[in-house]
Structure formats: structure tokens, C-alpha cells
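**Student:** 3D model of this:
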Amino acid sequence: MNAANDEELSIFRNKEVGFVFQTFNLLPKLNAIENVALPLLYADVPAKERKERAILMLNKVGLSDQLESKPNEMSGGQRQRVAIARALINEPSIILADEPTGNLDSKTSSEIMTFFKSLHEAGNTIILVTHELEIAEYAQKTIVLKDGEIIKE
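**Tutor:** Numbers count the residues shown, from 1 in each chain. Sure thing, here's the model as predicted:
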């Protein structure tokens, strides 16, 4: 068995896995373009291409009017879409989403989940953790855990 070293694992995570966090984890001093482009910086993508790709991704999530906005100037739904755009910027094969609608109102939650559904239909694998039954209903497959044990699949 050939174990990957730390650098190889970091490259794999950056390229193949997109992370969407409940708390967005956006950098407050960076605007939407810069936040989305951040994974490309670690992938050694040139600055001009980083910006172009970030703008395209922000357009995909419906934020063409928020390109220069900083996180504190955006709503929760807009921040979550920036976080989703950042997670998708390297075209990962897997998206891990931890309570991606936890900080959002029901209308925005529905919009985010509809977007995730379209990503799945386009071929992305999405693993989503939620405590909300309405959100889980969007999933193709659900696994229910209680105290660390699978109680329903």
C-alpha cells in the first residue's frame, strides 16, 4: 500500500474535494472574487485566470452584482453562495457540505438546495450533513444517525 504524504493529500483535497461550511468561513477582508479565488491561489493558478474563473463561478451562483462585496456587506444567503462558489472553483469530484443551510431562512435554504440538486444532476457527488428533515428530503439517499450509530438507511 502506498500512503500519500501531507503535500499529496493537500493537493488532493484542494483539487478533488469542495468544502461548504455552515459558518461560511469567508475571509472578512477579502471581497467575493478574492474569497472564491483562494483555492486557485494554492493550486498555483495565475492571478488573471484566478479572477476570471472566480467571476464566472460567482455568476453561476447568481452573484454577478456582488463581485466586489465583502462578507459583512452580504446577506447570509449571498455569503453561502460565495462559499459554494469557492467550494466549486476547482471543479471537485466530491462536495462535502456541513449544515449548508443552518444559518439561512427557509426561502434561501430552498434556493441553496435547488442549486445543490442541479449540481448533483450535472454529475457532482454531494455529501451533506443536516439536522433538518426538509433539507434531507432533497437527497437521493439518506442515512440517519443517532449517537453515532446508523439507525436508518
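
**Student:** show me what the helix-or-strand element of the chain with minimal mean pLDDT is packed up against.
**Tutor:** Least confident helix or strand of the chain, by mean pLDDT, DSSP states H and E, is helix 6-16 with a mean of 78. Helix 6-16 is packed against helix 32-42, with contacts defined by 3 or more Cβ pairs under 8 Å, 6 or more residues apart in numbering; DSSP states H and E. Bear in mind the C-beta positions are built from the backbone N, C-alpha and C, glycine included.

**Student:** what comes into contact with the helix it packs on?
**Tutor:** 10, 14, 26-27, 30, 49-51, 53-55, 57-58, 63, 66-71, 74, 82-83, 85-86, 89-90 (Cβ atoms under 8 Å, 6 or more residues apart in numbering).

**Student:** mean confidence for the helix or strand where A54 lies?
**Tutor:** Per DSSP states H and E: A54 is located in helix 47-60. The predicted model assigns helix 47-60 a mean pLDDT of 96.

**Student:** now the angle from it to helix 32-42?
**Tutor:** With axes from the mean of the first three to the mean of the last three Cα atoms, to 10 degrees applied, the angle from helix 47-60 to helix 32-42 works out at 130 degrees.

**Student:** distance from the helix or strand just after helix 47-60 to the middle of the chain?
**Tutor:** Using DSSP H and E, the helix or strand that follows helix 47-60 in sequence is helix 76-88. In terms of Cα atoms, centre = their mean, to the nearest Å, the centre of helix 76-88 is set 6 Å apart from its chain centre.

**Student:** who are the packing partners of helix 76-88?
**Tutor:** Checking 3+ Cβ pairs under 8 Å, 6+ apart, helix 76-88 ends up next to strand 17-20, helix 32-42, helix 47-60, strand 94-98, helix 106-121.

**Student:** count the neighbours of R81 for me.
**Tutor:** Neighbourhood size, R81 [other Cβ atoms under 10 Å]: 26.

**Student:** contact partners for it?
**Tutor:** 61-63, 112, 115.

**Student:** now distance to D98 and neighbour count too, for the residues you listed, in JSON lines please.
**Tutor:** Output for those, formatted as JSON lines (distance: Cβ to Cβ, whole Å; neighbours: other Cβ atoms under 10 Å):
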{"residue": "V61", "distance to D98": "18", "neighbour count": "22"}
{"residue": "G62", "distance to D98": "22", "neighbour count": "14"}
{"residue": "L63", "distance to D98": "21", "neighbour count": "23"}
{"residue": "I112", "distance to D98": "13", "neighbour count": "23"}
{"residue": "F115", "distance to D98": "16", "neighbour count": "17"}
